[in-house]
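Trainee: need a structure here:
(chains A and B)
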Number of protein chains: 2
Amino acid sequence: MEKSVRAFKAAAGPDEQLVIPGFYGAMPGGEIRVLSRGGSDITGSIVAAIVGADLYENWTDVSGILMADPRIIENPRRIDRITYSELHELAYMGANVLHEGAIYPVRERGIPIHIRNTNDPDSPGTLIVESCEGEADGAPITGIAGRKDFTVVTIYKNQRADELGIIRRALEVFEKYSVKVEHIPSGIESFSVVVATEQVQNCIYDIAAEIKAVCDPSDIRIINGISLIATVGRNMVYKPGMSGRLFAALGSEGVNIRMIAQGSDEINIIVGVENKDFETTIRSIYKTFIGGKE
Amino acid sequence: MEKSVRAFKAAAGPDEQLVIPGFYGAMPGGEIRVLSRGGSDITGSIVAAIVGADLYENWTDVSGILMADPRIIENPRRIDRITYSELHELAYMGANVLHEGAIYPVRERGIPIHIRNTNDPDSPGTLIVESCEGEADGAPITGIAGRKDFTVVTIYKNQRADELGIIRRALEVFEKYSVKVEHIPSGIESFSVVVATEQVQNCIYDIAAEIKAVCDPSDIRIINGISLIATVGRNMVYKPGMSGRLFAALGSEGVNIRMIAQGSDEINIIVGVENKDFETTIRSIYKTFIGGKE
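Mentor: You can find the predicted model right below:
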């Protein structure tokens, strides 16, 4: 980044209007290489950061970021404003948004990103900002995203809640196999570790055997085919009744909620359902909070 | 236990009807000592285990185990049947039931416990069994219990979900201070560790400082005054809509749900609320699932 700043300052005079082609960069040795998919977004973000822009307008071929996957929800609503945190959560949970590398350069400097549509320049697009405090948007949620194919390893132990270190010992086993832990939903006589199935495909039985050795559980059960679906929205925090509406909606569709993850100060609720309920869950949440035809 | 078996066999003939006083035992040196509160329940349980009883009838001064704390719910319903697991969960979460030491001797041998009321011998009491499979009880839940005064330590880190071992490192700090971890609700950019406040009263800032050192978080927040309330019921498993009704009820009472803990294969849902909402939460759940006057 420092090298880019120097190169830019050497090339550009003050107060100039610049047109800079994107999608490529220089390797440490000076060799020119094209970036990966979404690379011109990265170029734009770096240049915006270098010049200390007030706003990074990213003109693309869609009218902004959508509230849900258009392959699941027909004609989903556009997100007007979204915070960087919300965007990161939606992206992490599977939403197809900006390349992560296009976000950090401007986010670090507090520069908002404005996604606009070249084919529809009158559309207001989506504004990505650090914080939306004090702004009352219409929608109670910002977006919905989900990923399929998680594995849930549940470790049963009669006195687990009284045993010091049992969860830590189980996590060490996953860490030894370089498996990223997504969530650790816990009850009183058991706790579960949720991981992406692809991460444990070749080592799940080794992991189970090692957990058996270090945790001495009464039982271990492994369930595959779980989807995680995140409902993200800064307006959800501390708002009584949001989770009630969400779970009531899923209940009325007959969706079995297999786990719930919600931090104590979070802008999302994540539910685990069976893969077969993936689309139903997203549609049901969308209909409940956003409405419109499915 | 083996010594008790030998002593019993030496003292009792076959096919005798025995009356055995409870509430005391012998120290390893032979000295006689009374047991702690609830001690005669322990005596009864040990004797039932030794003789291989079909049933351990425990005659007491109440008509069984209640679905909720009678100091919060006026005249709560009696539990007809409860599994050992459910009983353990309710007891762990604060319900005042049998002494734990009175459960293990008979539970290990698969002997049911029947709580009966000496003052009301016609009351059916509460039957405690290993498993109630196939029996359809009327009540959708078995009981509600809760404890006040938990502390929630929330650790924020932008890329926490991508970082291997960060939760394990935080848990190690709590373990070093011998603090029992109750739950670990997690989001995408943060995770929380829930512990009993009394366990961290003198070390919470040391713990926070060490977490800062080993996790390099963007922020740590500590919230006190959280209550955990467990709704326990074998009939809740895999039943769509139960959590919806629960959360909708709390929402309509204006209760702020600060965290949710639910294992993937659990017979309970645990919600975290502010201490001020403790009674409201229990009453609201009771009214929703059991009904009757508050």
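Trainee: List the buried residues of the helix or strand of chain A with the lowest mean pLDDT.
Mentor: Across the helices and strands of chain A, mean pLDDT, DSSP states H and E gives its lowest value to helix A:2-11, namely a mean of 77. Using 16 or more other CB atoms under 10 Å in any protein chain shown as the test for burial, helix A:2-11 gives residue A:4. Any C-beta I mention is one placed from the backbone N, CA and C, and that applies to glycine too.
Trainee: other SSEs contacting it?
Mentor: If you count contacts as 3 or more CB pairs under 8 Å, 6 or more residues apart in numbering or on different chains; DSSP states H and E, helix A:2-11 packs onto helix A:39-51.
Trainee: Please work out the angle formed by the directions of whichever helix or strand comes after the helix it packs on and helix A:39-51.
Mentor: Note on helix A:39-51: by DSSP states H and E, the next helix or strand toward the C-terminus is strand A:56-60. Angle of strand A:56-60 versus helix A:39-51, following axes from the mean of the first three to the mean of the last three CA atoms, to 10 degrees, is 160 degrees.
Trainee: So which bits of the next helix-or-strand element following strand A:56-60 are buried?
Mentor: Next helix or strand after strand A:56-60 toward the C-terminus (DSSP H and E): strand A:81-83. Using 16+ other CB under 10 Å as the test for burial, strand A:81-83 gives A:81-83.
Trainee: circling back: what's in contact with the least confident helix or strand of chain A?
Mentor: Residues outside helix A:2-11 that contact it (CB atoms under 8 Å, 6 or more residues apart in numbering or on different chains): A:46-47, A:50-51.
Trainee: Quick check: mean pLDDT of whatever helix or strand comes next after that helix?
Mentor: The helix or strand immediately downstream of helix A:2-11 is strand A:24-26, counting by DSSP H and E. For strand A:24-26, the mean per-residue pLDDT is 80.
Trainee: Report all helices and strands that strand A:24-26 contacts.
Mentor: Contact here means 3+ CB pairs under 8 Å, 6+ apart; on that basis strand A:24-26 packs against strand A:32-34, helix A:39-51.
Trainee: so what's whatever residue of the stretch 101-250 of chain A ends up closest to chain B up against?
Mentor: Going by CB to the nearest CB, chain B is nearest to residue A:241 of the stretch 101-250 of chain A, at 2.9 Å. Listed by CB under 8 Å, 6+ apart, the contact set of residue A:241 reads B:248, B:251-252.
Trainee: Do you have the helices of chain A handy? List them.
Mentor: Along chain A, counting by DSSP state H, helices occupy A:2-11, A:39-51, A:84-92, A:104-108, A:166-176, A:197-200, A:204-215, A:242-252, A:278-289.
Trainee: Show me what the third one is in contact with.
Mentor: Contacts of helix A:84-92 with the rest of the structure, by CB under 8 Å, 6+ apart, involve A:65, A:82, A:97-98, A:100, A:103, A:107, A:128-130, A:142-143, A:145, A:230, A:232-234, A:267-268, B:158, B:161, B:187-189.
Trainee: Which of these fall within strands?
Mentor: A:82, A:128-129, A:143, A:145, A:230, A:232, A:268 (DSSP state E).
Trainee: who wins for neighbours among these?
Mentor: residue A:232 (30 neighbours; other CB atoms under 10 Å in any protein chain shown).
Trainee: per-stretch mean pLDDT over the helices of chain A, give me the minimum one.
Mentor: Mean pLDDT values for the helices of chain A show the minimum at helix A:2-11, a mean of 77.
Trainee: what's the angle from that one to helix A:39-51?
Mentor: Here helix A:2-11 runs at 70 degrees with respect to helix A:39-51, directions being taken by the same axes, to 10 degrees.
Trainee: thinking again about what came up before, so which of the helices of chain A is nearest residue A:152?
Mentor: Comparing the helices of chain A against residue A:152 with CB to CB, the closest turns out to be helix A:197-200 (9.7 Å).
Trainee: So the closest one, near chain B or not?
Mentor: No. Using CB under 8 Å from any CB of the partner chain, helix A:197-200 never reaches chain B; the gap is at least 10.7 Å.
Trainee: Stretch A:165-185 too?
Mentor: Yes. With CB under 8 Å from any CB as the criterion, chain B is reached by stretch A:165-185 at A:165, A:167-168, A:171-172, A:175, A:178, A:180-185.
Trainee: from the residues you listed, which would you call buried?
Mentor: Among those, those classed as buried by 16+ other CB under 10 Å are A:165, A:167-168, A:171-172, A:175, A:181-185.
Trainee: With respect to residue A:22, which of the residues of stretch A:165-185 next to chain B is nearest?
Mentor: For the residues of stretch A:165-185 next to chain B, the nearest to residue A:22 is residue A:180 (31.3 Å; CB to CB).
Trainee: tell me the contacts of that closest one?
Mentor: With CB under 8 Å, 6+ apart, residue A:180 has these contacts: A:195-196, A:199, B:161-162, B:164.
Trainee: Using a markdown table, please lay out these together with neighbour count.
Mentor: Shown next, in a markdown table, are the contacts of residue A:180 (neighbours: other CB atoms under 10 Å in any protein chain shown):
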| residue | neighbour count |
| --- | --- |
| A:195 | 20 |
| A:196 | 17 |
| A:199 | 18 |
| B:161 | 21 |
| B:162 | 12 |
| B:164 | 14 |
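Trainee: for those residues, which one is nearest residue A:278?
Mentor: residue A:196 (14.7 Å).
Trainee: okay, that closest one: pLDDT?
Mentor: pLDDT recorded at residue A:196 is 96.
Trainee: Just give the closest residue to it, not the sequence neighbours.
Mentor: The shortest distance from residue A:196 to any non-neighbouring residue, by CB to CB, 6 or more residues apart in numbering or on different chains, is to residue A:150 (5.9 Å).
Trainee: and chain B, which of the buried residues of strand A:81-83 contact it?
Mentor: Among the buried residues of strand A:81-83, no residue lies close to chain B (CB under 8 Å from any CB).
Trainee: Can you lay out these as CSV showing distance to residue B:40?
Mentor: As requested, these are exported to CSV (distance: CB to CB, whole Å):
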residue, distance to residue B:40
A:81, 66
A:82, 63
A:83, 60
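Trainee: now, among those residues, which is nearest to residue A:15?
Mentor: Among the buried residues of strand A:81-83, and counting by CB to CB, the member closest to residue A:15 is residue A:81, at 30.8 Å.
Trainee: Spatially nearest residue to residue A:118 (excluding sequence neighbours)?
Mentor: Of all residues not flanking residue A:118 in the chain, residue A:59 sits nearest, at 4.9 Å (CB to CB, 6+ apart).
Trainee: which residues does that neighbour contact?
Mentor: Neighbouring residues of residue A:59 by CB under 8 Å, 6+ apart: A:116-118.
Trainee: What residue in the stretch 1-150 of chain A comes nearest to chain B?
Mentor: residue A:89 (4.5 Å).
Trainee: wait, doesn't residue A:227 sit right on residue A:272?
Mentor: Yes. In terms of CB atoms under 8 Å, residue A:227 counts as a neighbour of residue A:272; the distance is 7.0 Å.
Trainee: out of the two, which sits in the busier spot?
Mentor: A side-by-side neighbour count of residue A:227 and residue A:272, using other CB under 10 Å, places residue A:272 first with 26 against 22.
Trainee: Per-residue pLDDT of the more buried one, please?
Mentor: 92.
Trainee: one step back: could you pick out which of the contacts of helix A:2-11 are near chain B?
Mentor: Applying CB under 8 Å from any CB to the contacts of helix A:2-11, none is adjacent to chain B.
Trainee: For these, which single residue is the most surrounded?
Mentor: If you rank those by neighbour count (other CB under 10 Å), residue A:46 sits at the top with 23 neighbours.
Trainee: list the contacts for that residue?
Mentor: Contacts of residue A:46 by CB under 8 Å, 6+ apart are A:1, A:4, A:105.
Trainee: Could you list the domains of chain A?
Mentor: Using automatic domain parsing, the domain parsing of chain A gives A:2-129, A:139-294.
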